[in-house]
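Undergrad: Provided below are the primary sequence and the corresponding predicted coordinates.
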Amino acid sequence: MITLQKKQVKIISVLIALVFVGSVVALALTQSGSGIVSAASSSVGVVDYRQIAQQHPQLQSANAEMQTAVQDAQKEFEEKSANMSDQEKNDYYQQTQERLQQKNQELMEPIQQSIEDAVKKVSETKGLSVVLEKSTVVYGGQDITQDVINKINKK
């Protein structure tokens, strides 16, 4: 068996410790380096969907049409439900609500589609790989809200 002196044991221990620390540092550098590269190559954009929808040129006409539909449905309900039982009124009310909900969806769908198309075009122009709703982002991201609003208003 090899007998080592105290001095040799200390030197070997220090060398082992240095190799361990060096490998940990090297591992940390390679991990953080790949994170930096991936963050630089994938840009993230953010948009305020609510602000875009509020400024959409078709929103006012859709809201006006929806208000008219609600008023018409209210009049129709009052006229037709006058001689109905409570259960019949409830059923008819549910049907009316479903019709109004469907009407709202029909009015809002083209607006939502045009917003999504504009977001896609702006993000492609700016080279963004991901676009998130602004309210879900805590920090960072390129705000493209105004660019999307401008794109929609040009149509």
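TA: Alright, I've got the coordinates. Bear in mind the structure is a predicted one, so any value in this text is a computation, not a measurement.
Undergrad: what about this structure, any weak spots by pLDDT?
TA: 1-10, 14-15, 17-42, 155 (pLDDT under 70).
Undergrad: can you map out the strands along it?
TA: Assigned by DSSP state E, the strands in the chain fall at 44-47, 130-133, 142-143.
Undergrad: So in that sheet, which strands flank the shortest one, and in what orientation?
TA: Looking at strand 142-143 with DSSP bridges, its partner strands are strand 44-47 (parallel).
Undergrad: Ok, the second one next?
TA: Here the strand partners of strand 130-133, with direction, are listed using DSSP bridges: strand 44-47 (parallel).
Undergrad: just how off-centre is the partner strand within its chain?
TA: A distance of 8 Å separates the centroid of the chain from that of strand 44-47, by CA atoms, centre = their mean, to the nearest Å.
Undergrad: follow-up on the earlier one: dump the strands of the chain to TSV, plus distance to Ile12 and mean neighbour count.
TA: Heads up, the C-betas are built off the backbone N, CA and C, glycines and all. Converted to TSV, these look like this (distance: least, CB to CB, whole Å; neighbours: other CB atoms under 10 Å):
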stretch	distance to Ile12	mean neighbour count
strand 44-47	49	21
strand 130-133	51	14
strand 142-143	54	14
